[in-house]
Structures are given as C-alpha cells and as structure tokens.
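Student: Using only what follows, build the 3D model:
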Amino acid sequence: MADENSNGAAGANTAQPQGQAQFNVQKIYVRDVSFEAPNVPQSFNEQAQPQLSLNLNQKVNRVADEVYEVVLTLTLDCKVEDRTIYLVEVQQAGLFTLTGFDERTLDMMLGSYCPNILFPYGRQMISELIQAGGFPPFLLQPINFDQLYADQLRRRAEQGQQSAGGETTPPAGNA
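Tutor: Numbers count the residues shown, from 1 in each chain. Presented below is the predicted three-dimensional model:
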C-alpha cells in the first residue's frame, strides 16, 4: 500500500510538462507581533464608540531563485477620542516558490494571490491578541486584494505616464 502512494505521488510529479507554471507554499509564519494597551485598566470602562483604523502594507523579498518571501503587515489602532485603547501590529509572512510564470503573472501572484493566502492567518493573530489583552473579540472583515492590486497597477501606470510625458497632473481632489 505504501508503494502505491509513493508511486502515485512521484508519477503525478513527473507527468507535468516542462515549463508549466507551478506555485508552492513552503512556509507560513509570524515575522513580528506587537500589542500595546497603554491605558489599561481605565480603558476597560470606556463607554464611547471606539474609532478603528487599519493600515495594510506588503513587502516582497526574493530570497532565492524562484523563492519569495511575502510579508503582510496589518496594523490596527483602536482609539476613543485621542486616547489609544490598543494598538496591534502583525507581520504575517510566507515563503512561496513560483516557477514558470511570466513577469506580469508573477507580479500578480506576489501582489494579490500570496496576500490572500496570508490574510486569514494575520486576521486570526490580531483577533487572538486583542482578546488576550482583555478586550472583546474582534474579527477583521475580508480584504479584496485583487482590487488593491488593480489599484496599484493603475497608480503605477499613471506615474509612468506622468514621468514619460514630462507634465504632471495633480491627484484628484487636490486641485
């Protein structure tokens, strides 16, 4: 029985044509975590509606041929008026192997697909830290990384047109 399983796995691996794009998750891990609650225990009694601010950042590092580290940084700041109730930052990371992708598809995979994989892990870590800090459970809403990536491509194109044309146009809303 063990021979059948190993032969089946090896057969599936060698049956793939050369040059076909492949994607593998090597490892998912927490790179850095921070939780601050500077005004406890007084903040446990706050009755006002807290203001939440989410900051999202992403960084891609090439660590070897066809191996990339993607780091998704999620920072959640909870305030009442000007007092910080809590501040949570999680750097959720993953090592991904991407082979056989053209440059445009590789950029999309690293800019959208990988963050989609990492986000649930970061969201869970933030929720656990907030609850461990003594606050009510909090679950971040899903994020559309495909739309964020599309917005990033649009901004890149606009910047390329501005620098290529020599004339600059003020961003919308700043005129």
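
Student: C-alpha from now on. contacts and neighbour counts both.
Tutor: OK.

Student: so how far is the strand ranked longest in the chain off the chain centroid?
Tutor: Looking across the chain with DSSP state E, the single longest strand is strand 83-99. Distance of strand 83-99 from the chain centroid (C-alpha atoms, centre = their mean, to the nearest Å) equals 7 Å.

Student: Flag every buried residue along it.
Tutor: Buried residues in strand 83-99, counted by 16 or more other C-alpha atoms under 10 Å: 84-99.

Student: Listing partners with orientation, what would you give for that strand?
Tutor: strand 22-36 (antiparallel), strand 67-80 (antiparallel) (DSSP bridges).

Student: winner for burial among those?
Tutor: strand 67-80 (a mean of 20; mean count of other C-alpha atoms under 10 Å).

Student: Run through the helices of this structure in chain order.
Tutor: 2-14, 103-108, 114-132, 145-165 (DSSP state H).

Student: who wins for proximity to D32 among those helices?
Tutor: helix 114-132 (10.7 Å; C-alpha to C-alpha).

Student: Now do the contacts for the most centrally placed residue in the chain.
Tutor: What sits nearest the mean C-alpha location of the chain, by C-alpha atoms, centre = their mean, is L72, with 3.3 Å. By C-alpha atoms under 8 Å, 6 or more residues apart in numbering, the contact set of L72 is 56-59, 91-93, 115, 118-119, 122.

Student: ok, now how distant is it from N116?
Tutor: For L72, the distance to N116 equals 10 Å [C-alpha to C-alpha, to the nearest Å].

Student: How about L140: what's its closest non-neighbour residue?
Tutor: R123 (6.0 Å; C-alpha to C-alpha, 6 or more residues apart in numbering).

Student: Find me the pLDDT at the one you found, would you?
Tutor: As predicted, R123 sits at a pLDDT of 96.

Student: what about it, neighbour count?
Tutor: Other residues near R123 number 18, with proximity taken as other C-alpha atoms under 10 Å.

Student: Correct me if wrong: it contacts I143.
Tutor: No - in this structure, R123 is not within contact of I143 by C-alpha atoms under 8 Å, at 10.3 Å.

Student: that older thread, filter the contacts of L72 down to the buried ones.
Tutor: By 16+ other C-alpha under 10 Å, the contacts of L72 give 91-93, 115, 118-119, 122 as buried.

Student: which one among those gets closest to E66?
Tutor: A93 (16.5 Å).

Student: Show me the shaky parts of the protein.
Tutor: By pLDDT under 70, the weakly predicted segments of the chain are 1-19, 163-175.

Student: Greatest separation within the contacts of L72: which pair is it?
Tutor: K59 and G122 (14.6 Å).

Student: Restrict stretch 93-106 to CA atoms and write it as PDB.
Tutor: Taking Å, rounded to 0.1, in the frame of the first residue of the first chain, the C-alpha atoms of stretch 93-106 are listed here in PDB:
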ATOM      1  CA  ALA A  93       4.800  36.200   6.300                       C
ATOM      2  CA  GLY A  94       5.200  33.300   3.900                       C
ATOM      3  CA  LEU A  95       7.800  31.700   1.700                       C
ATOM      4  CA  PHE A  96       6.400  30.900  -1.800                       C
ATOM      5  CA  THR A  97       8.000  29.100  -4.700                       C
ATOM      6  CA  LEU A  98       6.900  30.400  -8.100                       C
ATOM      7  CA  THR A  99       8.300  28.800 -11.200                       C
ATOM      8  CA  GLY A 100       7.400  29.200 -14.900                       C
ATOM      9  CA  PHE A 101       5.400  32.400 -14.600                       C
ATOM     10  CA  ASP A 102       5.800  35.300 -17.000                       C
ATOM     11  CA  GLU A 103       6.700  38.600 -15.300                       C
ATOM     12  CA  ARG A 104       3.200  40.100 -15.300                       C
ATOM     13  CA  THR A 105       1.600  37.000 -13.800                       C
ATOM     14  CA  LEU A 106       4.400  36.700 -11.200                       C
END
